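S.K.: Generate a structure from the sequence data that follows.
(one chain, ligands or ions: 1)
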Amino acid sequence: MKSLRWGLIAAGNIAARFAKGLATTTEADVVAVGARSRDRATQFARAHGIERAYGSYAEVLADPDVDAVYISTPNHLHAEWAIAAARAGKHILCEKPAALNAPQLEAVLDVVQACDVFFMEAFMYRCHPQWERVREVMASGAIGETRIIEAAFSFNFGCPLDNIRMSRSMGGGSLMDVGCYCLSFARMVAGEEPRECKATARIGPDSEVDEWAAGVLAFPSGAIAHFACGMRCATPVRAAVYGDRGYLSVASPWLPDAGGATVTVVSEGREETHEVSHGLDLYAGEALTVAAHLGERQAPAMSWSDSLGQARAMDALRASIGLVFPGDCSQ
Ligand SMILES: NC(=O)c1ccc[n+]([C@@H]2O[C@H](COP(=O)([O-])OP(=O)(O)OC[C@H]3O[C@@H](n4cnc5c(N)ncnc54)[C@H](OP(=O)(O)O)[C@@H]3O)[C@@H](O)[C@H]2O)c1
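M.R.: Numbering: from 1, shown residues only. Okay, here's the model as predicted:
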(Lines give C-alpha, C1' and ligand atoms only; values in the text may rest on other atoms or scores of the structure.)
Protein backbone atom coordinates (compact mmCIF):
# COMPACT_ATOMS: atom_id res chain seq x y z
CA MET A 1 0.00 0.00 0.00
CA LYS A 2 1.32 3.47 -0.92
CA SER A 3 1.68 5.42 2.29
CA LEU A 4 -0.79 8.23 2.84
CA ARG A 5 0.82 11.69 3.05
CA TRP A 6 -0.58 13.66 5.97
CA GLY A 7 -0.77 17.39 6.61
CA LEU A 8 -1.48 18.69 10.12
CA ILE A 9 -3.97 21.50 10.64
CA ALA A 10 -2.78 22.99 13.98
CA ALA A 11 0.34 22.18 15.93
CA GLY A 12 -0.86 21.62 19.47
CA ASN A 13 -0.51 18.81 22.01
CA ILE A 14 -2.53 16.14 20.28
CA ALA A 15 -0.99 16.99 16.90
CA ALA A 16 2.39 16.23 18.50
CA ARG A 17 1.06 12.92 19.84
CA PHE A 18 -0.35 12.07 16.39
CA ALA A 19 2.96 12.90 14.69
CA LYS A 20 4.85 10.72 17.21
CA GLY A 21 2.44 7.88 16.58
CA LEU A 22 2.79 8.09 12.81
CA ALA A 23 6.59 8.08 13.16
CA THR A 24 6.28 4.50 14.44
CA THR A 25 4.96 3.19 11.10
CA THR A 26 6.34 3.25 7.56
CA GLU A 27 2.80 3.18 6.18
CA ALA A 28 1.99 6.84 6.92
CA ASP A 29 4.01 10.01 6.46
CA VAL A 30 3.48 13.44 7.94
CA VAL A 31 4.74 15.72 5.16
CA ALA A 32 3.45 19.13 6.28
CA VAL A 33 2.30 21.05 9.32
CA GLY A 34 0.39 24.32 9.48
CA ALA A 35 0.07 26.61 12.50
CA ARG A 36 -1.19 30.15 12.98
CA SER A 37 2.42 31.32 13.06
CA ARG A 38 5.26 30.17 10.82
CA ASP A 39 7.67 30.09 13.79
CA ARG A 40 5.46 27.70 15.69
CA ALA A 41 5.03 25.49 12.63
CA THR A 42 8.79 25.49 11.99
CA GLN A 43 9.53 24.56 15.59
CA PHE A 44 6.98 21.75 15.45
CA ALA A 45 8.31 20.52 12.10
CA ARG A 46 11.87 20.40 13.47
CA ALA A 47 10.80 18.52 16.58
CA HIS A 48 8.98 15.88 14.51
CA GLY A 49 11.14 15.66 11.38
CA ILE A 50 8.42 17.09 9.13
CA GLU A 51 9.58 18.45 5.77
CA ARG A 52 7.24 21.46 5.31
CA ALA A 53 6.13 24.07 7.81
CA TYR A 54 3.42 26.59 6.92
CA GLY A 55 2.32 29.72 8.75
CA SER A 56 -1.34 29.09 7.93
CA TYR A 57 -3.74 26.18 7.62
CA ALA A 58 -4.73 27.27 4.11
CA GLU A 59 -1.21 26.58 2.86
CA VAL A 60 -1.46 22.96 4.04
CA LEU A 61 -4.68 22.63 2.03
CA ALA A 62 -3.00 24.15 -1.04
CA ASP A 63 -0.08 21.67 -0.92
CA PRO A 64 -0.59 19.12 -3.72
CA ASP A 65 1.59 16.59 -1.87
CA VAL A 66 -0.83 16.40 1.05
CA ASP A 67 -3.39 13.59 0.60
CA ALA A 68 -5.10 13.76 3.98
CA VAL A 69 -5.34 16.25 6.81
CA TYR A 70 -5.57 15.77 10.56
CA ILE A 71 -7.59 18.62 12.08
CA SER A 72 -6.80 19.27 15.75
CA THR A 73 -7.85 22.87 16.25
CA PRO A 74 -10.11 23.82 19.19
CA ASN A 75 -13.62 22.40 18.81
CA HIS A 76 -15.29 25.56 17.44
CA LEU A 77 -13.05 25.45 14.33
CA HIS A 78 -13.43 21.76 13.39
CA ALA A 79 -16.38 22.24 11.03
CA GLU A 80 -14.91 25.30 9.29
CA TRP A 81 -11.60 23.54 8.52
CA ALA A 82 -13.24 20.24 7.61
CA ILE A 83 -15.34 22.08 5.02
CA ALA A 84 -12.28 23.93 3.70
CA ALA A 85 -10.30 20.66 3.53
CA ALA A 86 -13.06 18.84 1.66
CA ARG A 87 -13.30 21.71 -0.84
CA ALA A 88 -9.51 21.42 -1.33
CA GLY A 89 -9.97 17.72 -2.13
CA LYS A 90 -8.20 16.46 1.01
CA HIS A 91 -9.25 13.37 2.95
CA ILE A 92 -10.11 14.24 6.55
CA LEU A 93 -9.49 12.89 10.01
CA CYS A 94 -11.10 15.47 12.31
CA GLU A 95 -10.69 15.55 16.07
CA LYS A 96 -13.67 14.87 18.30
CA PRO A 97 -16.22 16.32 18.60
CA ALA A 98 -16.38 16.57 14.80
CA ALA A 99 -18.47 19.76 15.01
CA LEU A 100 -20.06 21.95 17.69
CA ASN A 101 -23.50 20.47 17.05
CA ALA A 102 -25.47 18.19 14.72
CA PRO A 103 -26.62 20.83 12.18
CA GLN A 104 -22.97 21.91 11.78
CA LEU A 105 -21.91 18.30 11.24
CA GLU A 106 -24.68 17.79 8.67
CA ALA A 107 -23.27 20.77 6.75
CA VAL A 108 -19.77 19.25 6.91
CA LEU A 109 -20.97 15.86 5.65
CA ASP A 110 -22.90 17.47 2.77
CA VAL A 111 -19.66 19.07 1.55
CA VAL A 112 -17.61 15.91 2.23
CA GLN A 113 -20.06 13.91 0.13
CA ALA A 114 -20.19 16.48 -2.67
CA CYS A 115 -16.37 16.66 -2.81
CA ASP A 116 -16.05 12.85 -2.62
CA VAL A 117 -13.42 12.73 0.14
CA PHE A 118 -12.91 10.51 3.17
CA PHE A 119 -14.12 11.77 6.57
CA MET A 120 -13.76 10.29 10.03
CA GLU A 121 -14.22 11.78 13.50
CA ALA A 122 -11.00 10.98 15.34
CA PHE A 123 -12.25 8.70 18.11
CA MET A 124 -8.89 6.93 18.16
CA TYR A 125 -9.96 4.47 20.86
CA ARG A 126 -12.42 2.91 18.39
CA CYS A 127 -9.49 1.86 16.16
CA HIS A 128 -8.15 -0.61 18.74
CA PRO A 129 -9.00 -4.30 18.23
CA GLN A 130 -10.26 -4.76 21.80
CA TRP A 131 -13.68 -3.61 20.60
CA GLU A 132 -13.88 -6.52 18.14
CA ARG A 133 -13.40 -8.81 21.16
CA VAL A 134 -16.09 -6.92 23.09
CA ARG A 135 -18.47 -7.33 20.14
CA GLU A 136 -17.65 -11.06 19.91
CA VAL A 137 -18.26 -11.56 23.62
CA MET A 138 -21.58 -9.72 23.42
CA ALA A 139 -22.66 -11.61 20.29
CA SER A 140 -21.79 -14.93 21.97
CA GLY A 141 -24.48 -14.33 24.57
CA ALA A 142 -21.95 -14.70 27.41
CA ILE A 143 -23.30 -11.67 29.28
CA GLY A 144 -26.84 -11.98 27.94
CA GLU A 145 -29.04 -9.01 27.12
CA THR A 146 -27.55 -5.59 27.83
CA ARG A 147 -29.13 -3.93 30.86
CA ILE A 148 -26.72 -1.30 32.21
CA ILE A 149 -23.76 0.41 30.52
CA GLU A 150 -21.31 2.32 32.65
CA ALA A 151 -18.52 4.71 31.62
CA ALA A 152 -16.25 7.31 33.19
CA PHE A 153 -13.48 9.51 31.83
CA SER A 154 -12.03 12.45 33.69
CA PHE A 155 -8.71 14.10 34.49
CA ASN A 156 -7.41 16.82 36.70
CA PHE A 157 -4.39 18.82 35.65
CA GLY A 158 -5.69 21.96 37.27
CA CYS A 159 -7.15 23.08 33.93
CA PRO A 160 -6.12 26.74 33.82
CA LEU A 161 -8.70 29.11 32.38
CA ASP A 162 -6.60 29.71 29.26
CA ASN A 163 -6.87 26.03 28.27
CA ILE A 164 -9.11 25.51 25.22
CA ARG A 165 -11.23 23.05 27.25
CA MET A 166 -12.21 25.81 29.68
CA SER A 167 -13.49 28.13 26.97
CA ARG A 168 -17.17 28.45 26.13
CA SER A 169 -16.39 30.40 22.96
CA MET A 170 -14.20 27.49 21.75
CA GLY A 171 -16.78 24.80 22.51
CA GLY A 172 -15.11 23.56 25.67
CA GLY A 173 -16.40 21.69 28.70
CA SER A 174 -16.04 18.17 30.02
CA LEU A 175 -18.92 16.73 27.97
CA MET A 176 -17.33 17.95 24.73
CA ASP A 177 -13.83 16.92 25.82
CA VAL A 178 -14.17 13.54 27.55
CA GLY A 179 -17.88 12.88 28.12
CA CYS A 180 -18.09 12.38 24.35
CA TYR A 181 -16.01 9.19 24.75
CA CYS A 182 -18.43 7.82 27.33
CA LEU A 183 -21.38 8.62 25.09
CA SER A 184 -19.76 7.10 21.99
CA PHE A 185 -18.89 3.93 23.94
CA ALA A 186 -22.45 3.60 25.26
CA ARG A 187 -23.94 4.08 21.78
CA MET A 188 -21.45 1.60 20.29
CA VAL A 189 -22.15 -1.22 22.73
CA ALA A 190 -25.91 -0.54 22.79
CA GLY A 191 -25.86 -0.77 18.99
CA GLU A 192 -28.63 1.82 18.72
CA GLU A 193 -29.31 5.48 19.33
CA PRO A 194 -30.57 6.62 22.75
CA ARG A 195 -34.22 7.72 22.91
CA GLU A 196 -33.50 9.90 25.94
CA CYS A 197 -30.32 11.74 27.00
CA LYS A 198 -30.07 13.71 30.23
CA ALA A 199 -27.15 15.21 32.09
CA THR A 200 -26.45 17.39 35.04
CA ALA A 201 -23.29 19.39 35.44
CA ARG A 202 -21.31 21.80 37.50
CA ILE A 203 -20.82 24.89 35.34
CA GLY A 204 -17.70 26.79 36.44
CA PRO A 205 -18.45 30.42 37.39
CA ASP A 206 -15.30 31.61 35.59
CA SER A 207 -15.02 29.10 32.73
CA GLU A 208 -18.81 29.07 32.02
CA VAL A 209 -18.46 25.46 30.85
CA ASP A 210 -19.27 22.17 32.56
CA GLU A 211 -16.20 21.30 34.62
CA TRP A 212 -17.69 17.97 35.62
CA ALA A 213 -20.89 16.24 34.62
CA ALA A 214 -22.88 13.04 34.87
CA GLY A 215 -25.38 11.71 32.38
CA VAL A 216 -27.98 9.03 31.80
CA LEU A 217 -29.08 7.56 28.47
CA ALA A 218 -32.09 5.35 27.81
CA PHE A 219 -32.05 3.09 24.73
CA PRO A 220 -35.09 1.68 22.91
CA SER A 221 -34.04 -1.90 23.81
CA GLY A 222 -34.40 -1.08 27.50
CA ALA A 223 -30.66 -0.72 28.13
CA ILE A 224 -29.66 2.23 30.32
CA ALA A 225 -26.27 3.92 30.37
CA HIS A 226 -24.81 6.16 33.04
CA PHE A 227 -21.56 8.04 32.85
CA ALA A 228 -19.37 10.59 34.61
CA CYS A 229 -16.83 12.93 33.09
CA GLY A 230 -14.77 15.84 34.30
CA MET A 231 -11.82 18.16 33.90
CA ARG A 232 -11.23 19.02 37.53
CA CYS A 233 -12.14 15.65 38.86
CA ALA A 234 -10.48 12.26 39.36
CA THR A 235 -12.83 9.34 38.69
CA PRO A 236 -11.36 5.92 37.88
CA VAL A 237 -11.53 5.08 34.18
CA ARG A 238 -14.60 2.89 33.55
CA ALA A 239 -16.18 1.11 30.62
CA ALA A 240 -18.41 -1.81 31.46
CA VAL A 241 -21.51 -3.57 30.18
CA TYR A 242 -23.81 -5.45 32.54
CA GLY A 243 -26.20 -7.99 31.08
CA ASP A 244 -28.77 -10.40 32.49
CA ARG A 245 -26.25 -13.30 32.58
CA GLY A 246 -22.96 -11.56 33.36
CA TYR A 247 -20.86 -8.52 32.63
CA LEU A 248 -17.72 -7.33 30.88
CA SER A 249 -15.32 -4.55 31.70
CA VAL A 250 -12.54 -2.98 29.68
CA ALA A 251 -9.44 -1.97 31.65
CA SER A 252 -8.09 0.71 29.25
CA PRO A 253 -11.02 1.78 27.10
CA TRP A 254 -9.85 5.20 25.94
CA LEU A 255 -6.07 4.87 25.76
CA PRO A 256 -5.16 1.22 25.29
CA ASP A 257 -1.41 1.13 24.79
CA ALA A 258 0.62 -0.80 22.25
CA GLY A 259 1.28 -3.50 24.86
CA GLY A 260 -2.34 -4.61 24.75
CA ALA A 261 -5.56 -4.15 26.59
CA THR A 262 -7.62 -6.38 28.83
CA VAL A 263 -11.27 -7.28 28.52
CA THR A 264 -12.63 -9.11 31.58
CA VAL A 265 -15.76 -11.19 31.18
CA VAL A 266 -17.76 -12.62 34.07
CA SER A 267 -20.40 -15.03 32.88
CA GLU A 268 -22.53 -17.10 35.24
CA GLY A 269 -19.91 -16.79 37.98
CA ARG A 270 -16.85 -17.67 35.83
CA GLU A 271 -14.26 -14.99 35.07
CA GLU A 272 -12.14 -14.91 31.89
CA THR A 273 -9.66 -12.27 30.79
CA HIS A 274 -8.78 -11.52 27.18
CA GLU A 275 -5.57 -9.67 26.30
CA VAL A 276 -5.96 -7.91 22.96
CA SER A 277 -3.21 -6.16 21.00
CA HIS A 278 -2.43 -5.12 17.45
CA GLY A 279 1.08 -4.07 18.46
CA LEU A 280 0.51 -0.61 17.02
CA ASP A 281 0.64 2.85 18.50
CA LEU A 282 -3.00 3.92 18.96
CA TYR A 283 -2.68 6.96 16.68
CA ALA A 284 -0.76 4.98 14.05
CA GLY A 285 -3.61 2.47 14.17
CA GLU A 286 -6.04 5.34 13.61
CA ALA A 287 -4.10 6.64 10.57
CA LEU A 288 -3.94 3.10 9.14
CA THR A 289 -7.70 2.76 9.65
CA VAL A 290 -8.16 5.88 7.50
CA ALA A 291 -5.83 4.50 4.80
CA ALA A 292 -7.56 1.10 4.79
CA HIS A 293 -11.01 2.62 4.20
CA LEU A 294 -10.12 5.57 1.99
CA GLY A 295 -11.99 4.14 -1.00
CA GLU A 296 -15.24 3.78 0.99
CA ARG A 297 -14.90 7.43 2.16
CA GLN A 298 -15.77 6.39 5.72
CA ALA A 299 -14.60 3.75 8.18
CA PRO A 300 -16.74 1.37 10.25
CA ALA A 301 -14.80 2.40 13.38
CA MET A 302 -16.64 5.75 13.25
CA SER A 303 -18.95 6.05 10.24
CA TRP A 304 -20.70 9.27 9.17
CA SER A 305 -24.05 8.12 10.56
CA ASP A 306 -22.34 7.15 13.81
CA SER A 307 -20.90 10.67 14.09
CA LEU A 308 -24.32 12.17 13.35
CA GLY A 309 -25.98 10.04 16.02
CA GLN A 310 -23.23 11.07 18.39
CA ALA A 311 -23.68 14.79 17.60
CA ARG A 312 -27.46 14.59 18.08
CA ALA A 313 -27.07 12.89 21.45
CA MET A 314 -24.39 15.42 22.46
CA ASP A 315 -26.80 18.23 21.56
CA ALA A 316 -29.47 16.68 23.80
CA LEU A 317 -27.03 16.28 26.70
CA ARG A 318 -25.81 19.83 26.29
CA ALA A 319 -29.40 21.14 26.13
CA SER A 320 -30.15 19.40 29.41
CA ILE A 321 -27.30 21.25 31.17
CA GLY A 322 -28.18 24.55 29.46
CA LEU A 323 -24.77 25.00 27.85
CA VAL A 324 -24.93 27.08 24.67
CA PHE A 325 -21.87 28.02 22.64
CA PRO A 326 -21.63 31.30 20.70
CA GLY A 327 -20.98 29.15 17.58
CA ASP A 328 -24.29 27.32 18.03
CA CYS A 329 -26.07 30.35 16.63
CA SER A 330 -23.93 30.75 13.51
CA GLN A 331 -25.26 28.00 11.22
N1 LIG B 1 -8.15 12.05 20.28
C2 LIG B 1 -7.41 12.40 21.31
O3 LIG B 1 -6.68 11.60 21.88
C4 LIG B 1 -7.42 13.85 21.75
C5 LIG B 1 -6.64 14.23 22.84
C6 LIG B 1 -6.58 15.57 23.16
C7 LIG B 1 -7.32 16.50 22.44
N8 LIG B 1 -8.11 16.09 21.41
C9 LIG B 1 -8.85 17.08 20.61
O10 LIG B 1 -7.90 17.78 19.82
C11 LIG B 1 -8.20 19.16 19.74
C12 LIG B 1 -7.01 19.96 20.22
O13 LIG B 1 -6.64 19.60 21.51
P14 LIG B 1 -5.15 19.84 22.07
O15 LIG B 1 -5.07 19.15 23.36
O16 LIG B 1 -4.14 19.51 21.03
O17 LIG B 1 -5.20 21.42 22.30
P18 LIG B 1 -4.01 22.47 22.22
O19 LIG B 1 -2.72 21.84 22.64
O20 LIG B 1 -4.46 23.68 22.92
O21 LIG B 1 -3.89 22.75 20.66
C22 LIG B 1 -4.90 23.40 19.94
C23 LIG B 1 -4.30 23.99 18.70
O24 LIG B 1 -5.34 24.69 18.00
C25 LIG B 1 -4.80 25.80 17.31
N26 LIG B 1 -5.68 26.96 17.39
C27 LIG B 1 -6.30 27.53 16.34
N28 LIG B 1 -7.06 28.56 16.73
C29 LIG B 1 -6.91 28.66 18.05
C30 LIG B 1 -7.42 29.54 19.02
N31 LIG B 1 -8.28 30.52 18.69
N32 LIG B 1 -7.01 29.38 20.29
C33 LIG B 1 -6.17 28.40 20.65
N34 LIG B 1 -5.65 27.51 19.77
C35 LIG B 1 -6.00 27.66 18.48
C36 LIG B 1 -3.43 26.07 17.90
O37 LIG B 1 -2.60 25.72 16.85
P38 LIG B 1 -1.54 26.64 16.20
O39 LIG B 1 -1.25 27.83 17.06
O40 LIG B 1 -0.46 25.67 16.20
O41 LIG B 1 -2.11 27.01 14.91
C42 LIG B 1 -3.22 25.04 18.99
O43 LIG B 1 -1.96 24.49 18.93
C44 LIG B 1 -9.49 19.34 20.50
O45 LIG B 1 -10.57 19.32 19.61
C46 LIG B 1 -9.58 18.12 21.43
O47 LIG B 1 -10.91 17.73 21.67
C48 LIG B 1 -8.15 14.78 21.07
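
S.K.: For residue 200, give me its contacts.
M.R.: 213, 214, 215, 320, 321 (C-beta atoms under 8 Å, 6 or more residues apart in numbering). The way it works is simple: take the backbone N, C-alpha and C, and place the C-beta from them, glycine included.

S.K.: Tell me if the second one really is in a helix.
M.R.: No - counting by DSSP: H, G, I helix; E, B strand; the rest coil, residue 214 is not found in a helix; it is strand.

S.K.: Just give the closest residue to it, not the sequence neighbours.
M.R.: Nearest non-adjacent residue to residue 214, counting by C-beta to C-beta, 6 or more residues apart in numbering: residue 228, 4.7 Å away.

S.K.: ok, that neighbour - contacts?
M.R.: So residue 228 contacts 151, 152, 154, 182, 212, 213, 214, 235 (C-beta under 8 Å, 6+ apart).

S.K.: Equivalent analysis for residue 11, please.
M.R.: Residue 11 is in contact with 33, 34, 35, 40, 41, 44, counting by C-beta under 8 Å, 6+ apart.

S.K.: Going by secondary structure, the fourth one is in what exactly?
M.R.: I take that to be residue 40. For residue 40, the host element (DSSP states H and E) is helix 38-48.

S.K.: helices or strands up against that helix?
M.R.: helix 13-22, strand 28-34, strand 52-54 (3 or more C-beta pairs under 8 Å, 6 or more residues apart in numbering; DSSP states H and E).

S.K.: what's the average pLDDT for it?
M.R.: The pLDDT scores in helix 38-48 average 98.

S.K.: ok, now which ones touch the closest residue to the ligand within the stretch 51-200 of the chain?
M.R.: Closest approach between the stretch 51-200 of the chain and the ligand, counting by C-beta to the nearest ligand atom: residue 95, at 3.7 Å. By C-beta under 8 Å, 6+ apart, residue 95 lies in contact with 14, 70, 71, 72, 73, 75, 78, 121, 122.

S.K.: Kindly reformat those as TSV and extend each row with pLDDT, secondary structure and distance to residue 164.
M.R.: Shown next, in TSV, are those (pLDDT from 0 to 100; DSSP: H, G, I helix; E, B strand; the rest coil; distance: C-beta to C-beta, whole Å):
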residue	pLDDT	secondary structure	distance to residue 164
14	98	helix	11
70	98	strand	17
71	99	strand	14
72	98	coil	10
73	98	coil	9
75	98	helix	8
78	98	helix	12
121	98	strand	18
122	98	coil	16
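
S.K.: Looking at these, which is nearest residue 201?
M.R.: Of all the contacts of residue 95, residue 75 has the smallest distance to residue 201: 16.6 Å, by C-beta to C-beta.

S.K.: dump the residue contacts of that closest one.
M.R.: Contacts of residue 75 (C-beta under 8 Å, 6+ apart): 95, 97, 100, 164, 170, 171, 172, 176.

S.K.: Helices - which of these land there?
M.R.: Mapping the contacts of residue 75 onto helices (DSSP state H) picks out no residues; all lie outside.

S.K.: can you list these in a markdown table and add pLDDT?
M.R.: Output for the contacts of residue 75, formatted as a markdown table (pLDDT from 0 to 100):
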| residue | pLDDT |
| --- | --- |
| 95 | 98 |
| 97 | 98 |
| 100 | 98 |
| 164 | 97 |
| 170 | 98 |
| 171 | 98 |
| 172 | 98 |
| 176 | 98 |
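
S.K.: deepest of the helices and strands packed on helix 38-48, which one?
M.R.: Among the helices and strands packed on helix 38-48, strand 28-34 has the highest mean neighbour count (mean count of other C-beta atoms under 10 Å), at a mean of 24.

S.K.: Spatially nearest residue to whatever residue of the chain ends up closest to the ligand (excluding sequence neighbours)?
M.R.: Residue of the chain nearest the ligand, by C-beta to the nearest ligand atom: residue 12 (2.0 Å). Nearest in space to residue 12, with sequence neighbours left out and distances taken as C-beta to C-beta, 6+ apart, is residue 72 at 6.0 Å.
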